[in-house]
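Participant: Quick one, structure for this:
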Amino acid sequence: MGLIHAPINPTIERATIPHSPAKSAKPQILLTLVSGLTVAAILAIVTFLLIRERGSATEAAARSASNIVQLIDADVLRNIELYDLAVQGLIQASQRQDLLTVPPEVRHLALFDRASSTSHKGDILLLDRLGNVLADSQSVIPRAENFSDREYFRSHESDPDPSLMISHPFKSRRAPYPWLISFSRRVTSPEGQFLGVAAAGMRLSYFDELFMNLSVGKGGSISLVSTDGTLLSRQTPLPEDLIGRDFSSYPNFIRMLKQGNGSFSSTSELDGNERLYTFSQVGTLPLVVVVAQSSDEVYGAWRRTTRLIGLATSVLCIGLLWLSWLLARELRRRQRAEQELAQLAATDSLTGLANRRALDQSLALEWARAQRAGKALSLLMIDADHFKAFNDRHGHPIGDQALRQLARVISENIRRPGDMAARYGGEEFAVVLPETDEHGAMILAQKIRAAMAALTPFKGDRRPITVSIGASTALPPGEGTLEQLLRRADQALYQAKHDGRDRAVHASANRL
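Facilitator: Numbers count the residues shown, from 1 in each chain. The predicted model follows:
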């Protein structure tokens, strides 16, 4: 289907319901513009300054947290290196043949010589390929236990990688059963065969003690997490169900792994509070240190300043707007009264469409415009079929409802700002269509007719109210007068009634 209307030239003034000019519009607009721009400028400057101050608070907190992270990194890395040296020393000493002939006490000292420098250590063990204890840092004579069920043993047994492995947290088998993490390496033969595992346990109390001496403010925390998402330690005492908890699927942790190190603000998945997270990987180890600062702590001073400045700015802006409002109030009242009077004078009170007076003015305006531009002008005359009988059957209130329904259908089917619908009188309506040819006028007329025919009938009727539509088109100059345009549309409407109603007829030259 083609376009219903040709586009209207934007340089031509649109047809509107005429109204009285508002003489006070210019000073009111100027006053509103000046006061609005002044308030906007004040708000923009204050907002810019507050945003800048918030950024400064974020940078200061991030720098402070970054210093804490670096201190933790250095301490944790140094201690883990000591544990790794102890494990490597145990492997190297276990492979010395000369130690097989020395007394057990001397061999024990040689095996665990490097372990003496480690703090918060648990058991340091040398296990054979079956998981049995070959050497134990806690006693000269190895205990008769098997550790083949430990995570680190199974991992080394199946993976030939000789590098250091950091385990998930686990509980010691000895009283008082502290939580430990293990640093372990695979023991292999020169041919690469699996001979066992050397493992050193570190008590998680080391991290508790380290974090306890650092302060990140109220509501903040320091955590150590493995890169696979396992929580190893936190500054605040951890409940049993949080030790070893898997955070690998949490969005904040995924973001930390992607960035490697840095800072960002986000909502905590544990308690739903906003926090500033500063984080860094511990050297090349699979560990991440996370400092989480409460947003209340980070932005507390900034928020207090913001409230004070916001209050002062609000008082200033409200005072300015209030004075502007006092000055413009009378102007607004006068303009509103003039507009309401103009609207009432041009609007049909029953349907809300333009009235006959407004229609006559609009037709005269559009006819003159069509004469100047040489564009087609179309007019639709719409009449409700058998409306008198409908009114007698249902009464005037229902009749008024039916007219409002028809007015709504007409309004919903005309879209352009230049088109105008009006109540011509009684149950008859008119639609002015600037820059619309015969084809476009008939397409719109059929749409209105079909829309009415598709409505639900009123109670007691078998069919909905239908409409007959007469259309006429003029292409000035040289095609008659405005009165002839009106007369042809009225004749086309009469023809539609005569042909059986519920139809649209155009007053083209070959028909009327």
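Participant: distance between the helix or strand containing residue 40 and the chain's centre?
Facilitator: According to DSSP states H and E, residue 40 maps onto helix 25-94. A distance of 23 Å separates the C-alpha centroid of helix 25-94 from that of its chain, computed with C-alpha atoms, centre = their mean, to the nearest Å.
Participant: when you give positions from now on, start the count at 48
Facilitator: In the new count, where the first residue is 48, that last one comes out as helix 72-141.
Participant: C-terminal to it, what's the next element?
Facilitator: helix 151-158.
Participant: tilt between that next one and helix 72-141?
Facilitator: Between helix 151-158 and helix 72-141, the angle comes out at 150 degrees (axes from the mean of the first three to the mean of the last three C-alpha atoms, to 10 degrees).
Participant: Name every strand pairing with the helix or strand that helix 151-158 is followed by and say which way it goes.
Facilitator: Under the assignment DSSP H and E, the closest C-terminal helix or strand after helix 151-158 is strand 168-175. In the sheet, strand 168-175 lines up against strand 180-183 (antiparallel), strand 241-250 (antiparallel) (DSSP bridges).
Participant: tell me the most buried of these?
Facilitator: Highest mean neighbour count of those: strand 241-250, a mean of 23 (counted as mean count of other C-beta atoms under 10 Å). Using the backbone N, CA and C atoms, a C-beta is placed for each residue, glycine as well.
Participant: what about that one, average pLDDT?
Facilitator: Strand 241-250 carries an average pLDDT of 88.
Participant: Break down the stretch 198-347 of the chain into its helices, ranges please.
Facilitator: Secondary structure of the stretch 198-347 of the chain, counting by DSSP state H, counting those that start in this stretch: helices at 198-205, 252-259, 298-306, 342-393.
Participant: and of the ones you listed, who's closest to residue 281?
Facilitator: Nearest of the helices of the stretch 198-347 of the chain to residue 281, taken as C-beta to C-beta: helix 252-259 at 7.3 Å.
Participant: May I see the buried residues of that closest one?
Facilitator: The neighbour-count check on helix 252-259 (16 or more other C-beta atoms under 10 Å) flags 253, 254, 255, 257, 258 as buried.
Participant: Return the list of helices and strands in contact with that helix.
Facilitator: Contact here means 3 or more C-beta pairs under 8 Å, 6 or more residues apart in numbering; DSSP states H and E; on that basis helix 252-259 packs against helix 72-141, strand 278-281.
Participant: Let's have the ones you listed in TSV, adding distance to residue 204 and mean pLDDT.
Facilitator: Converted to TSV, the helices and strands packed on helix 252-259 look like this (distance: least, C-beta to C-beta, whole Å; pLDDT from 0 to 100):
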stretch	distance to residue 204	mean pLDDT
helix 72-141	16	85
strand 278-281	23	79
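Participant: Out of these, which is closest to residue 148?
Facilitator: helix 72-141 (13.9 Å).
Participant: Run the angle between the closest one and helix 252-259 for me.
Facilitator: 140 degrees.
Participant: quick one, helix 72-141 and helix 342-393 angle?
Facilitator: For helix 72-141 against helix 342-393, the angle by the same axes, to 10 degrees is 150 degrees.
Participant: average pLDDT across stretch 481-499?
Facilitator: Throughout stretch 481-499, pLDDT has a mean value of 94.
Participant: cool, stretch 382-393 as well?
Facilitator: Mean pLDDT, stretch 382-393: 76.
Participant: can you check stretch 448-463 too?
Facilitator: Averaging pLDDT along stretch 448-463 yields 92.
Participant: Out of the buried residues of helix 252-259, which is nearest to residue 380?
Facilitator: Checking the buried residues of helix 252-259 against residue 380 by C-beta to C-beta gives residue 258 as the nearest, at 68.2 Å.
Participant: residues contacting the closest residue to that closest one other than its chain neighbours?
Facilitator: For residue 258, ignoring the flanking residues on the chain, the nearest one in space by C-beta to C-beta, 6 or more residues apart in numbering is residue 282 at 3.9 Å. Counting by C-beta atoms under 8 Å, 6 or more residues apart in numbering, residue 282 touches 255, 258, 259, 261, 263, 267, 268, 269, 270.
Participant: ok, the second one to residue 117 distance?
Facilitator: Taking C-beta to C-beta, to the nearest Å as the criterion, residue 258 is separated from residue 117 by 14 Å.
Participant: do the fourth one as well
Facilitator: Note on residue 261: its distance to residue 117, by C-beta to C-beta, is 11 Å.
Participant: before we move on, back to that, out of the strands paired with strand 168-175, which gets nearest to residue 531?
Facilitator: Of all those, strand 241-250 sits nearest to residue 531, with 103.6 Å by C-beta to C-beta.
Participant: Was I right to think residue 215 contacts residue 198?
Facilitator: Yes: at 6.1 Å, residue 215 counts as touching residue 198 under the criterion of C-beta atoms under 8 Å.
Participant: neighbour count winner among the two?
Facilitator: It is residue 215, of residue 215 and residue 198, that has more neighbours when counted by other C-beta atoms under 10 Å, with 16 against 13.
Participant: what's near enough to touch the closest residue to residue 191 other than its chain neighbours?
Facilitator: In space, and not counting its chain neighbours, residue 191 is closest to residue 180: 7.3 Å by C-beta to C-beta, 6+ apart. If you count contacts by C-beta under 8 Å, 6+ apart, residue 180 has them with 172, 173, 174, 189, 190, 191, 192, 193, 194.
Participant: run the last query once more with 7 Å
Facilitator: Residues counted as contacts of residue 180 (C-beta atoms under 7 Å, 6 or more residues apart in numbering) are 172, 174, 189, 190, 192.
Participant: tell me the residue furthest from the middle of this protein?
Facilitator: In the chain, the residue that sits farthest from the middle, by C-alpha atoms, centre = their mean, is residue 148; the gap is 73.1 Å.
Participant: Just the pLDDT for that one.
Facilitator: At residue 148, pLDDT is 74.
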